[in-house]
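A.B. asks: Sequence and predicted structure, then a few things I'm wondering about:
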Amino acid sequence: MTDFEAIDALLASAASDQASLPTAQERRRLREELHLSRAQLAAALGVSPSTVGGWESGREPGGAVREKYAYFLEGARTKLDAAAATAPDPDGEPAHDQAEADQAVDTDDVEELATPQPCVLCGQPARHQVEGFPQHLDSSECGSAPSTPSSVDAPPTESVPPVPSAKPARSSQVASRQPARRAERQGHAAGRGVKVVPAGRRVQAASDIPDPIGSAVAAVLQEHGGDLEAATAALVKRAIPDAMALLDHTRKGGRYDIVAHPWLPDILRKQTARGADQIWEARPKWTRGELPAGAHEVTALDINGAYLSALKTHLPIGQLEHSTGNHHDRRRAGVHLITPPDWDHDAVLPNPIGNRDEPGPLWVTEPTLRLLLRVSGPKYGLCDPPEIHESWTSGATEGLLEKFRVALKEARDRAIAEGDEATLEYVKQMYSKFVSTLGESNYNRELYRTDWMHLIRSQAFANLWTKAFKAYDEGLMVVRAMGTDELHVIGDWRAVFPEGRGVTEVKVKDVYTVGTDQRASLPEGLS
């Protein structure tokens, strides 16, 4: 390799811009007009035929294979254009002179191969490579050349020499792309771009997407003449029906039809009018029994949007079905009768099933069971696996409420950034009341899923336990874990959790001191 070739190779490997590709339809057309199968092209590029099919359906390749694919497509287009240029014109004269001049191969970039390698165009052995890619120099040798009439059937025409397969002028194409891409980047930096979001198989301008939350807040504020307190109270009152309307809006085009009023087993029904059903949600209410001697500064952390984050959980889609046996199917979700394992870490960590005085089997939710299976596994090894006796489950997905959750989260984030307390309280009431009224409630007749209510609540409790373990694992001393959103710790918690009001952040609820500095109470001279 010459010095200049080494520099070319270095520049090619350091290129910051990805090679541009034609549309998916054009990719397929170029391959098919050369009479190449997907398998042939896949073999030349070192990928599978299904990968090539994906590229021809709209998926985008990346890395080095993208450069190879772009090179093939440019070469295919060049070859087809050359073939079209050599076809006889209406007057019977071949129009190939200019094409030959334009398609001439730069011999400085052509190397002879020691052993033949698959041609990037046809996949058959080639003895030369152009710009590092194996390729036939003579189109008559390339298996991708379109078939022509035999000399017996063809009309007599002037003999035309074969047009060599030329390399695409890639360096000039990259250079021509630079100004456009630079302008595109400058447009983004100046904020002149149009923000787009997915809309089915297409994208749509974010400004064209309806904003039910923003529209409701604006309408109520106008109705109350800008009175923030009155508007907030009105928004809170309509939180449940508005949440259901938002759910319907985000479910448009969804893959699953929710069974909104399924038959429920007795374990999910209240035993008395004011009693509870038989499901144990594993709500934590744990306090460390003892601290080391001395004074300790304890920080009570508030976990933001606990129920909002818990909307991302495995929820059963249809009616629950009964099964028995000590087996867990991760494709399903519901409630399970288990014998929980013994927990030997109460001195430093809360029990994943919460505080329970009575021994023996109990009905737990999917998030609690998955948490127990996780902490009993090889990564944690904190306890034995639970024993599963029977289950009520249905086919499940973790993304059932994902669009609903994202819409609420984005509205919450905007409200925090803009200091919009009315919207912030409205959104909080929407997701908290949505969860609390999924069961036997007179306030929500549209969706009756007691199982969902238990699962979402338990997911919030499981999320809190996970944060407690993270604090413990990072060297903090865990002091309390309460409900869905309260975690008390001793130590440099900012090195473990990001501080803020976002749903992935925590904020300080309280700071207090426990114990005394014994050295300060000793007589002078004894410290």
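C.D. replies: Received the coordinates, thanks.

A.B. asks: so what's Gly475 up against?
C.D. replies: Gly475 sits next to Gly491 when contact means C-beta atoms under 8 Å, 6 or more residues apart in numbering. Where you see a C-beta, it was placed from the backbone N, CA and C, and this is true even at glycine.

A.B. asks: Could you report the pLDDT at it?
C.D. replies: Here the pLDDT value assigned to Gly475 is 94.

A.B. asks: wait, doesn't Leu487 sit right on Tyr472?
C.D. replies: No. Between Leu487 and Tyr472 no contact is recorded; they are 10.6 Å apart, counting by C-beta atoms under 8 Å.

A.B. asks: between these two, which one's more packed in?
C.D. replies: Per other C-beta atoms under 10 Å, whichever of Leu487 and Tyr472 has more neighbours is Leu487, with 28 against 17.

A.B. asks: give the contact list for that one.
C.D. replies: Per C-beta under 8 Å, 6+ apart, neighbours of Leu487: Ala300, Leu301, Ile303, Leu464, Lys467, Ala468, Ala471, Val478, Arg480, Ala481, Val506.

A.B. asks: Could I get the phi/psi values of it?
C.D. replies: Note on Leu487: its backbone torsions stand at phi -140, psi 120 [degrees, to the nearest 10].

A.B. asks: Report the secondary structure state of the nearest residue to it once chain neighbours are set aside.
C.D. replies: Of all residues not flanking Leu487 in the chain, Leu301 sits nearest, at 4.7 Å (C-beta to C-beta, 6 or more residues apart in numbering). Here Leu301 is recorded as strand under DSSP: H, G, I helix; E, B strand; the rest coil.

A.B. asks: quick one: Leu301 and Ala42, what's the gap?
C.D. replies: Plainly put, Leu301 is 53 Å away from Ala42 if you go by C-beta to C-beta, to the nearest Å.

A.B. asks: Please say which of these two ends up with more neighbours.
C.D. replies: Set Leu301 next to Ala42 and count neighbours by other C-beta under 10 Å: Leu301 wins out with 21 against 17.

A.B. asks: And the pLDDT for that one?
C.D. replies: 97.

A.B. asks: Beta-bridge partners for it, please?
C.D. replies: On the basis of DSSP bridges, Leu301 is bridged to Leu487, Val508.

A.B. asks: repeat for Lys285
C.D. replies: Met482.

A.B. asks: That one touches Gly354, doesn't it?
C.D. replies: Yes. Using C-beta under 8 Å, Lys285 is in contact with Gly354, at 6.7 Å.

A.B. asks: Neighbour count: the two, which is higher?
C.D. replies: Legend: neighbour count by other C-beta under 10 Å for Lys285 and Gly354, higher for Gly354 (19 against 12).

A.B. asks: so the more buried one touches Pro340, yeah?
C.D. replies: No. Here Gly354 does not reach Pro340: they are 10.1 Å apart, not a contact under C-beta under 8 Å.

A.B. asks: Can you lay out the contacts of Leu487 as JSON lines showing distance to Val47?
C.D. replies: Formatted as JSON lines, these follow (distance: C-beta to C-beta, whole Å):
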{"residue": "Ala300", "distance to Val47": "54"}
{"residue": "Leu301", "distance to Val47": "48"}
{"residue": "Ile303", "distance to Val47": "45"}
{"residue": "Leu464", "distance to Val47": "45"}
{"residue": "Lys467", "distance to Val47": "42"}
{"residue": "Ala468", "distance to Val47": "46"}
{"residue": "Ala471", "distance to Val47": "45"}
{"residue": "Val478", "distance to Val47": "49"}
{"residue": "Arg480", "distance to Val47": "54"}
{"residue": "Ala481", "distance to Val47": "50"}
{"residue": "Val506", "distance to Val47": "45"}
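
A.B. asks: Quickly name whichever of these is closest to Trp392.
C.D. replies: Distance to Trp392, by C-beta to C-beta, is smallest for Leu464 among these, at 25.2 Å.

A.B. asks: Can you tell me the element the closest one falls in?
C.D. replies: Counting by DSSP states H and E, the element that carries Leu464 is helix 450-473.

A.B. asks: rewinding a little: look up the residues that both of Leu487 and Tyr472 are in contact with.
C.D. replies: Residues touching both Leu487 and Tyr472 (C-beta under 8 Å, 6+ apart): Val478.

A.B. asks: Now do the contacts for Ile388.
C.D. replies: The contact partners of Ile388, taken as C-beta under 8 Å, 6+ apart, are Gly325, Asn326, His327, His328, His336, Leu337, Ile338, Leu369.

A.B. asks: tell me the strands in the stretch 401-527 of the chain, going along the chain?
C.D. replies: Under the criterion DSSP state E, counting those that start in this stretch, strands of the stretch 401-527 of the chain are mapped to 477-482, 486-490, 506-514.

A.B. asks: Looking at the ones you listed, which is nearest to Ala219?
C.D. replies: strand 506-514 (30.8 Å).

A.B. asks: Tell me the buried residues in the closest one?
C.D. replies: Val506 (16 or more other C-beta atoms under 10 Å).

A.B. asks: packing partners for it?
C.D. replies: strand 296-303 (3 or more C-beta pairs under 8 Å, 6 or more residues apart in numbering; DSSP states H and E).

A.B. asks: and the longest strand for the chain?
C.D. replies: Assignment by DSSP state E gives strand 387-397 as the longest strand of the chain.

A.B. asks: among the helices and strands of the chain, which one scores worst on average pLDDT?
C.D. replies: Between all helices and strands in the chain, the lowest mean by mean pLDDT, DSSP states H and E belongs to helix 97-102, at a mean of 41.

A.B. asks: Can you give me the domain assignment for this structure?
C.D. replies: Domain ranges of the chain: 3-147+162-173, 241-514, per automatic domain parsing.

A.B. asks: Could you dump these into CSV with distance to Gly226 added?
C.D. replies: Output for the domains of the chain, formatted as CSV (distance: least, C-beta to C-beta, whole Å):
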stretch, distance to Gly226
domain 3-147+162-173, 48
domain 241-514, 10
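
A.B. asks: least reliable of those domains going by mean pLDDT?
C.D. replies: Looking at the domains of the chain, the weakest mean confidence is domain 3-147+162-173, a mean of 70.

A.B. asks: Could you dump the contacts of Ile388 into TSV and include neighbour count?
C.D. replies: TSV is the format used below for the contacts of Ile388 (neighbours: other C-beta atoms under 10 Å):
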residue	neighbour count
Gly325	9
Asn326	12
His327	8
His328	17
His336	23
Leu337	17
Ile338	24
Leu369	25
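
A.B. asks: Looking at those, which are in strands?
C.D. replies: Using DSSP E, the members of the contacts of Ile388 that fall within strands are His336, Leu337, Ile338.

A.B. asks: Thr393: which of those residues is nearest?
C.D. replies: Once C-beta to C-beta is applied, the member of the ones in strands among the contacts of Ile388 that ends up nearest Thr393 is His336, at 7.8 Å.
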